[in-house]
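**Student:** Give me the fold of what follows.
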Amino acid sequence: MMAATSADLPTTVPHKEELWSNQTNLTINASESHSNGSCSLEDNNSLSLALIFFYSIIFLVGLVGNIIALFAFLRIHQKRNSIQVYLLNVAVADLLLIFCLPFRILYHATNRWMFGRIFCKVVGTLFYMNMYISIVLLGLISLDRYIKINKSVKRPKMLTTARSVQICCTVWAIALTGFIVVVVPSFFKTKDSNSTKCFHYRSKQNAEKTEAILNYIIVLIFWVVFFLLILSYVKIAKNLLKISRRRANFPNAGKYTKTARNSFIVLIIFTICFVPYHIFRFVYITSQLQTPSCRWTKIIHVCNEVMLVFSSFNSCLDPVMYFLMSRSVRKTVLQLICTKLHGESSLNLESTSDIKLGQYAQERLSTTTPHSSYSRKKSMI
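**Tutor:** Here you go, the predicted model:
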């Protein structure tokens, strides 16, 4: 019995070691296969159809809305104020982002990129560049409105049209510089020059780690802008409601309350479109610096695509913001509609947002009589 057992040992133990060795080799090969980029990230049919549908809707609605808004801005004959300058630049940034969407739609429809690696980099970078230009400009709008309520008497030069033009030029210059820094190195890379993949998850290794660090900085800038918006619009709403309560017996007192509610339109747009994407963005960038399993890579890729749809949706909501925030845009658009439908060439409009924000600081500090306060000219923008 003992001899038989001893004789069996040499054949049994090596068999187990061989199985363990084969399993280890399979694991190593799978890891190497993933690191070499063979993990398939092709979107399934349901995800591709959903992305095609939503991007198509965003493209059509955003294109029409922003072209009408841009037309309305260009039709304004009187001197533009600072907020109109910011809104005009937001419309331009949204249109440039929208022009990138047909390439994404075509890619998800065919699951194949046909325009080369360099153009993939150009389209992808242009998409993100204009998204963050919109974010920064929306933050500047909130800062402008905050200053008009709290600092308009002390710092009037900060609210001038010329100053807002200079700020917008600076924003575009910084964005274009970043665009060049990101895109130009791709002209000198030969790896994957014939790749048919675009807009997909890609790990950041070696020199590309610098790009990942830049992405971290951009995400941090977003959160700074977001908290700036929260503080600004909470302060704006509190001041407007305070004026409304103090002048409750005035004929226009109700407009302050309604304008206080409308002041949160930018914050609402920010929260819906950008907050989900930037919460997940930290996870996405961190995973690019590591080597997650193929399963987790696919999950991260799908989540990123869904969050990006929400960010693109901002280009559809921005025209609504132009209409609510700018009396000139509202009047021009309604004149255009009435001209097409009824042949009318003029329209006299009055709205709750027609109160000039610069007046709020004066209302808050003023001791004028009800008659003189009510007889002031009211215009939002």
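**Student:** show me where pLDDT drops low in this protein?
**Tutor:** 1-38, 40-43, 77, 151-159, 190-194, 205-208, 247-263, 340, 342-381 (pLDDT under 70).
**Student:** And the helices in the stretch 201-350 of the chain?
**Tutor:** Applying DSSP state H, counting those that start in this stretch to the stretch 201-350 of the chain gives helices spanning 209-246, 253-262, 265-273, 275-288, 294-312, 314-325, 327-342.
**Student:** how about the closest residue to Asp318 other than its chain neighbours, secondary structure?
**Tutor:** Nearest non-adjacent residue to Asp318, counting by Cβ to Cβ, 6 or more residues apart in numbering: Asp94, 5.4 Å away. To be clear about C-beta, it is placed using only N, CA and C from the backbone, and glycine gets the same treatment. Using DSSP: H, G, I helix; E, B strand; the rest coil, the structure places Asp94 in helix.
**Student:** Which element is encountered next along the chain beyond whichever strand or helix holds Asp144?
**Tutor:** Asp144 is part of helix 117-150 when elements are defined by DSSP states H and E. Moving toward the C-terminus from helix 117-150, the next helix or strand (DSSP H and E) is helix 161-183.
**Student:** quick revisit: mind putting the helices of the stretch 201-350 of the chain into TSV with distance to Gly178 and mean neighbour count?
**Tutor:** Formatted as TSV, those follow (distance: least, Cβ to Cβ, whole Å; neighbours: other Cβ atoms under 10 Å):
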stretch	distance to Gly178	mean neighbour count
helix 209-246	8	16
helix 253-262	33	17
helix 265-273	21	18
helix 275-288	16	17
helix 294-312	18	17
helix 314-325	19	22
helix 327-342	30	16
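**Student:** Minimum distance to Ile98: which of the ones you listed has it?
**Tutor:** Ile98 lies closest to helix 314-325 among the helices of the stretch 201-350 of the chain, at 5.5 Å (Cβ to Cβ).
**Student:** Going by contacts, tell me the helices and strands next to that closest one.
**Tutor:** If contacts are counted by 3 or more Cβ pairs under 8 Å, 6 or more residues apart in numbering; DSSP states H and E, helix 314-325 sits against helix 45-75, helix 82-98, helix 117-150, helix 265-273, helix 327-342.
**Student:** quick one on the thing from earlier: which positions within the helix holding Asp144 qualify as buried?
**Tutor:** For helix 117-150, burial by neighbour count (16 or more other Cβ atoms under 10 Å) applies to 117, 120-150.
**Student:** Thanks a lot, catch you later.
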